[in-house]
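S.K.: Next input, structure requested:
(2 chains)
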There are 2 protein chains.
Amino acid sequence: MTRDQIRLAADWWQDVVPSTLARDAIAGLVIAALLVPQGMAYAMLAGLPPEMGLYASLLPPALYAVFGSSRYLAVGPVAVISLMVATATATLGQRHGIDPMVAAPALAFMSGLILLIMGLLRLGFLTHFLSRPVLLGFMTAAAILIGLSQLPHALGLSVDARAPLGQIQEVFGQLGAVSMLTAGLTVGTILLILLIGGPLARRLRQLWPHAGSIVGRMGALFAVTFGIGLAMFTGLSDHLSQIGEIPRGLPRPEWPALEIVWILELSGMAFLISLVGLMESVSIGRGLAARDNEDVQPNRELLGIGLSNLGAGLSGAYPVTGGLSRTVVAKDAGAVTPLAGLFAALAVSLVLLFATPLLAELPRAVLAGIILLAIVQLLDVHAVQETWRYNRGDAAVIGITFFGVLSLGVEVGLIVGIMVSIGLLLWRISQPHVAMVGRVPGSEHFRNRERHAVETLTGVCFIRVDESLQFPNSRFLRDTVLETIRDNSDIQSIVLVCSAINDIDSTALATLEELDLSLKARGMVMHLSEVKGPVLDQLLKVDFPSKLSPGRIFFTNQDAFSALQENHSRCRSKKEIKS
Amino acid sequence: MTRDQIRLAADWWQDVVPSTLARDAIAGLVIAALLVPQGMAYAMLAGLPPEMGLYASLLPPALYAVFGSSRYLAVGPVAVISLMVATATATLGQRHGIDPMVAAPALAFMSGLILLIMGLLRLGFLTHFLSRPVLLGFMTAAAILIGLSQLPHALGLSVDARAPLGQIQEVFGQLGAVSMLTAGLTVGTILLILLIGGPLARRLRQLWPHAGSIVGRMGALFAVTFGIGLAMFTGLSDHLSQIGEIPRGLPRPEWPALEIVWILELSGMAFLISLVGLMESVSIGRGLAARDNEDVQPNRELLGIGLSNLGAGLSGAYPVTGGLSRTVVAKDAGAVTPLAGLFAALAVSLVLLFATPLLAELPRAVLAGIILLAIVQLLDVHAVQETWRYNRGDAAVIGITFFGVLSLGVEVGLIVGIMVSIGLLLWRISQPHVAMVGRVPGSEHFRNRERHAVETLTGVCFIRVDESLQFPNSRFLRDTVLETIRDNSDIQSIVLVCSAINDIDSTALATLEELDLSLKARGMVMHLSEVKGPVLDQLLKVDFPSKLSPGRIFFTNQDAFSALQENHSRCRSKKEIKS
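M.R.: Below is the predicted model of the structure:
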């Protein structure tokens, strides 16, 4: 870790004074009010008992507060990761009969280790390979999978099929058995949260601007309170599926069970959970930090999220990362330092110590309603539309990832998406833009002959390649040059304009030498021009200039033009201009 | 297939006249004189009976003559592909008890299909991903593996272990049992071929320049003749391992056995064989064609090599590709048209019809000697050294592929090499070169502030990124810009110089928009300059210029400099020059 990062880590302690302490305490309570219902809901989504969602809201946010790089990021259970955990543990349960309650902490622990190792090896850049189209396709598909997974809870059905399509079929087959009470409670929960977040919040904001916006985001807390009240004080609890007993007290620290047999099977998913989790928290943190002239640092974030997950694994919880809604609430509630996260953890532990009997009464339909509302934030239709307009290739990656995740599952679908996006990138690199350039009359500028009226020298061809020369495209260059000279039999000199070439790897170097020999065999000379400093330094190492001889390396195109003008004195101007 | 390619395919027929027919007939005989010993030797290397190597020298070269794109490429069995076949069929034999004689034609058939499909889908560019360092590492390791595999035949031992290290151990364990006669014959074969290729050829060239160079390459034929003579006319045949009976006659056309169970396991290797085979024949063809102003075309080559392998699969042979030594001989022997390949196939069929009893007498040690000499051409120490000097990353890829193939086997090692080379490429792309530029005084040129004395505007920062903006590096740019402005608090405008940006993908576009918002939140303005035509066209599709406003898109850096000079009038010149 660099000195710079250590300075950042301890930074916020200096800001703590009594007044900020009070503000952070209030913000902490507000975060906890969201963490408790979300924690239970997402644990249900992950196929785990509700207390594991609460455990995930204890140690992880506390560890992040101390080691993370964003001041406001509220770490804990989130929807997408919960879905991934559900998928991973279900597969493992089928194959090895491992209880999800055993597998989930192991997954968190592995994910934490992976993140820490990535941090040590400076592999934070790996997240860059989760491109935006892949994330968009993945999030959209995840939203659908999450929605489907909640239908049984939302409608009061008992559906067992795990495959999304099978589940739809089963749900439709059982439509007659829908519990109207359960469905009504789900819809009621959704309406209540929307009401509090919309009209009520607007009205409140007019009275107390600050409190209004906080209360508006507390819909889930009100829904949970209402649901518990409904179950406790009416006779409806017999007709509703409730959460049931939650063990009172804090989780005991414990090594997660790790057996070689199934650890290897989990490792792929642990890696994907790490990547997706890191991406989410970095992008949330960045969105917030943009305004404050501070920034989250991926390698620092690896430490924060990594230790949070390690903590989750050691305290019987499941994988965590930064959650958008809670983070926004934390900021709105006036959090000043990461102490807010510590206060939130404290509040959740009080709930675990004293309020579990109350929570046990909560109908599952309320949690299903909370989840169904939460998935809306995973859908970004506008971004998908923009991508479609901007770049069809990237739009195709969205589609492939989307259908891949729906049809092949979360893990394989995501991997397919990543592979396809890397494949598309490599394909783009392998087909670089190549232009024949000439001199703009009266200047020293060289532009595309197809787009501009430029001067050229007879017998001399200036070719500009708009890409670094690397193994995927080295032969493309060679083929292009050879085709060009085949079409123009009067060419005697080729000038390779290297202004856009930032690297020439050893494959491309060999191809360049081969091309030079081919040209020499045909009595032609190849020159280079505008070779960048670092590229030239490398070419000198293998004595390329002397191999190129009599071909020369010109400092600028203008130099090449002047020098070659002497041998190819006829200079003609091309008049026609194309768009 | 395009019209252009069809024209090329029929091209050479026009050149056939009686005199070329005679030259091609002679060249065909010379090729066959090399094909027969090489075919049997490589079949032995592939773990197959010798007649399969001869079958691979019949239909495949004939099909390539008609459909291939190089005039001289002599298609047939080659060393590296034989090693790959040996590996694939050995694994399959262990797992499913499939006879290599059954699996090898299936492998050829699959490889042929894969090449044809690649041709139909225009996937010839896939070979570009077999970068030079990967090939160098692979070929070097293959040479060692081939050498080791021949030790038992060369020394007259019976060693069974397949793993290279195990084999070395066994060979050393049996050193006492080495047959001096066999070892002597191997060494004798090598010496004979070297003698004929060196001193004898030199002497002959002085007498008959043309014939001398051909005879010099016929060492293998003389060695085989000598070996057969030794076995037939001395009593030594009892002490030597001989090839044994070869079925007389031509192979019967037959569908290869293909069973779903093991086809899937072979498919990975079939794909790699296709890639490596295609690479070999394309590079050999190119090396020869360079002088003649004609060229092999990868997509056309897919058809030629694809049909050759399909033919190999249908005639009980095994995978083939172009062989370097035979191709050189064909050219030296005066081949004019691909008819030479047809004549060679004819000659091999005469051998199969009439000479098999003779060939049966051949001692295996002679073939081992031929193979041991052939692997020398796989070793390119000079290229490895040059790569080490030129680029350490590429040198590391050679090393990883080399040790990967030796320790993990041909298939996994090669895949690891390809993955690592792609990973290295992605890593390079993810860390683009970024320079702060200024105007060279008295010109309109903008160069790196660190390397040149340039003019800058106070409060304005010109940043040039030397790479396309794509998902692996989009965040790198964002981080660099934010770091720059954090260090220079007086900056009010950022000009992103886009002269080296050939593509902005949707991930990078989103990052660019996010960066723009971050800068606006800090009261700064981002401009672009020298955006290339196609990139600008794309940006217009999503109305980026209006999102950027008040930031502008300048046609040239000079335009940006002039326009911003009005607001940031103080212009200072930076004097110090660094290298």
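
S.K.: For burial, what's the neighbour tally of A:Arg95?
M.R.: By other C-beta atoms under 10 Å in any protein chain shown, the residues close to A:Arg95 number 11. Where C-beta positions appear, they are placed from N, C-alpha and C, glycine not excepted.

S.K.: helix, strand or coil for it?
M.R.: Secondary structure, DSSP: H, G, I helix; E, B strand; the rest coil: A:Arg95 is helix.

S.K.: quick one: it and A:Gly413, what's the gap?
M.R.: Distance, A:Arg95 to A:Gly413, by C-beta to C-beta, to the nearest Å: 19 Å.

S.K.: With A:Leu204 instead?
M.R.: Counting by C-beta to C-beta - A:Leu204 and A:Gly413 are separated by 42 Å.

S.K.: the more surrounded of the two?
M.R.: A:Gly413 (24 against 18).

S.K.: Now do stretch A:183-200: everything it contacts.
M.R.: A:153-156, A:215-220, A:222-223, A:226-227, A:230, A:240, A:363, A:365-366, A:368-370, A:372-373 (C-beta atoms under 8 Å, 6 or more residues apart in numbering or on different chains).

S.K.: Let's see that stretch as CSV, backbone CA atoms only.
M.R.: Written as CSV, here are the backbone C-alpha positions of stretch A:183-200 (Å, rounded to 0.1, in the frame of the first residue of the first chain):
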residue,chain,number,x,y,z
ALA,A,183,-50.9,-11.1,-3.0
GLY,A,184,-52.8,-8.2,-1.5
LEU,A,185,-50.2,-7.7,1.2
THR,A,186,-47.4,-7.7,-1.4
VAL,A,187,-49.3,-5.1,-3.5
GLY,A,188,-50.1,-3.2,-0.3
THR,A,189,-46.4,-3.1,0.6
ILE,A,190,-45.4,-1.8,-2.8
LEU,A,191,-48.2,0.9,-2.7
LEU,A,192,-47.3,1.9,0.8
ILE,A,193,-43.6,2.4,0.0
LEU,A,194,-44.5,4.2,-3.3
LEU,A,195,-46.9,6.5,-1.3
ILE,A,196,-44.4,7.3,1.3
GLY,A,197,-41.6,7.9,-1.2
GLY,A,198,-43.8,10.0,-3.5
PRO,A,199,-46.8,12.1,-2.4
LEU,A,200,-46.1,11.9,1.3
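
S.K.: Next, the buried residues of it.
M.R.: A:Ala183, A:Leu185, A:Thr186, A:Gly188, A:Thr189, A:Ile190, A:Leu192, A:Ile193, A:Ile196, A:Gly197, A:Leu200 (16 or more other C-beta atoms under 10 Å in any protein chain shown).

S.K.: ok so, going back, can you say which of the contacts of stretch A:183-200 are buried?
M.R.: Using 16+ other C-beta under 10 Å, the buried ones in the contacts of stretch A:183-200 are A:153-156, A:215-220, A:222-223, A:227, A:230, A:240, A:363, A:365-366, A:368-370, A:372-373.

S.K.: quick one, strands of chain A?
M.R.: A:75-76, A:321-322, A:434-439, A:446-448, A:455-457, A:460-465, A:493-497, A:525-529, A:553-554, A:571-573 (DSSP state E).

S.K.: Does anything pack onto the first one? Which helices or strands?
M.R.: The elements that strand A:75-76 packs onto, with contact taken as 3 or more C-beta pairs under 8 Å, 6 or more residues apart in numbering or on different chains; DSSP states H and E, are helix A:18-45, helix A:59-67, helix A:298-314.
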